[in-house]
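1. sequence and predicted structure below; questions after.
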Amino acid sequence: MPSRDLPPPPPPAHLREWLDESAVRADRARFLADLGRRSMGLGRLLLLWAVAALFVVGWTFVGMAVTALESGDPLSCFFGFVFGLIGLGVLVPAGLWLAWGARRERHLGRLLCAWAEAARDPAADGRLRAPARSLVWLAASLAVGGAGLWVAFAAAAGAGPGDTYGEVAYFMGVGMILWITGLLGLAKAGVHQRWVARSFRPVPGAAPARPALSDTRG
C-alpha cells in the first residue's frame, strides 16, 4: 500500500482545465521537490546502506554458524545452531525491509512521472534535475561496489590450506553484499538521470503557457 506521508497524485487532465494553472504549477514544483528529496536524498542512500549493514550482520552470524558446525564438537554445534537462528532472524527482516523499500520506490517513481507531466514549467524544471544528488549516488555506489568486488575476489584468490570453508564463504558473501548494494545505487542514479532526460526535455513547437484563470478575470 502507498505510504500516507507521500504527496497525492496530480488531478486528472480534464479537472486541471478548470483549476488555476498557477496553483497547479506551484503544487507540481513543491511535490516534485519533495519527491526528489525522498527518492534521491542523502537519507535514502543511508537507508540503503543500513539495509546492507543488516545483511552483513546476518551473514556474519551465518558465517559463525558454519565455522562452529565445521568443528564437529557438540557444544560448538549447539552454538552454531544458535548463531544460524540469529542470522536468519536478521536476514529475514532485512529482506522484508528491502522488499518494502522496492515497493515504495516504485510508487515514488509513478508519482514523479505523473507530476512531471502535469502543467510543465520549463522555468522551474531546471531546479528539479538535482545533478549533485545523482553524482553523490554515483560516486558512493562506485566506491561501495568496488570495495565489494575487491573483498570477494581477494577472499577467493587468497584462500589457502589453513582457511576454512566458512571463512572464505563469509568474506565472499560480504563482498557480494557490498557489490550488490553498489549496483543498486548505480541503477538508481541511472534511472533518475533517465527520468530527468525524459520528463524535462524541451517540447518542440509547444504553445506558450496560457494565463491563469484568475488573470483573465481581471
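-> Right, received. Where do you want to start?

2. shaky segments in the protein?
-> For the chain, the stretches with pLDDT under 70 are 1-4, 13-19, 119, 121-127, 130, 159-165, 201-218.

3. and the strands in it?
-> Counting by DSSP state E, the chain has no strands to list.

4. show me which helix runs longest in it.
-> helix 74-116 (DSSP state H).

5. name the helices or strands packed onto that one?
-> Judged by 3 or more Cβ pairs under 8 Å, 6 or more residues apart in numbering; DSSP states H and E, helix 74-116 is in contact with helix 21-40, helix 42-71, helix 165-199. For every residue, glycine as well, the C-beta is placed using N, CA and C.

6. how close does residue 40 sit to residue 109?
-> Plainly put, residue 40 is 11 Å away from residue 109 if you go by Cβ to Cβ, to the nearest Å.

7. scratch that, residue 36
-> On the measure of Cβ to Cβ, residue 36 and residue 109 end up 11 Å apart.

8. what of residue 75?
-> 51 Å.

9. could you pull up the residues touching the nearest residue to residue 57 once chain neighbours are set aside?
-> Nearest non-adjacent residue to residue 57, counting by Cβ to Cβ, 6 or more residues apart in numbering: residue 90, 5.4 Å away. Applying Cβ atoms under 8 Å, 6 or more residues apart in numbering to residue 90 gives the contacts 54, 57, 58, 61.

10. what subset of these is buried?
-> 54, 58, 61 (16 or more other Cβ atoms under 10 Å).

11. in a markdown table, list these along with distance to residue 44.
-> Shown next, in a markdown table, are the buried ones among the contacts of residue 90 (distance: Cβ to Cβ, whole Å):
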| residue | distance to residue 44 |
| --- | --- |
| 54 | 16 |
| 58 | 22 |
| 61 | 27 |
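
12. so residue 199 makes contact with residue 114?
-> No - contact criterion Cβ atoms under 8 Å: residue 199 and residue 114 do not qualify, at 10.1 Å.

13. ok, back up a step: among the buried ones among the contacts of residue 90, which one sits closest to residue 94?
-> residue 54 (3.9 Å; Cβ to Cβ).

14. tell me the contacts of the closest one?
-> 90, 91, 93, 94, 97.

15. show me which of these are buried.
-> For the contacts of residue 54, buried by 16+ other Cβ under 10 Å: 90, 91, 94.

16. so the last one sits against residue 61, correct?
-> Same thing as residue 94. No - checked against Cβ under 8 Å, the pair residue 94 and residue 61 is beyond contact range at 11.9 Å.

17. stretch 176-193: which residues count as buried?
-> 176-179, 181-182, 184-186, 188-189, 192-193.

18. again with stretch 75-87
-> 79, 80, 83, 84, 86, 87.

19. off-centre distance for that stretch?
-> 33 Å (Cα atoms, centre = their mean, to the nearest Å).

20. contacts for that stretch?
-> Here stretch 75-87 has contacts from 58, 59, 60, 61, 62, 64, 65, 66, 67, 68, 69, 71, using Cβ under 8 Å, 6+ apart.

21. ok, 6 Å please
-> 58, 61, 62, 64, 65, 68, 69 (Cβ atoms under 6 Å, 6 or more residues apart in numbering).
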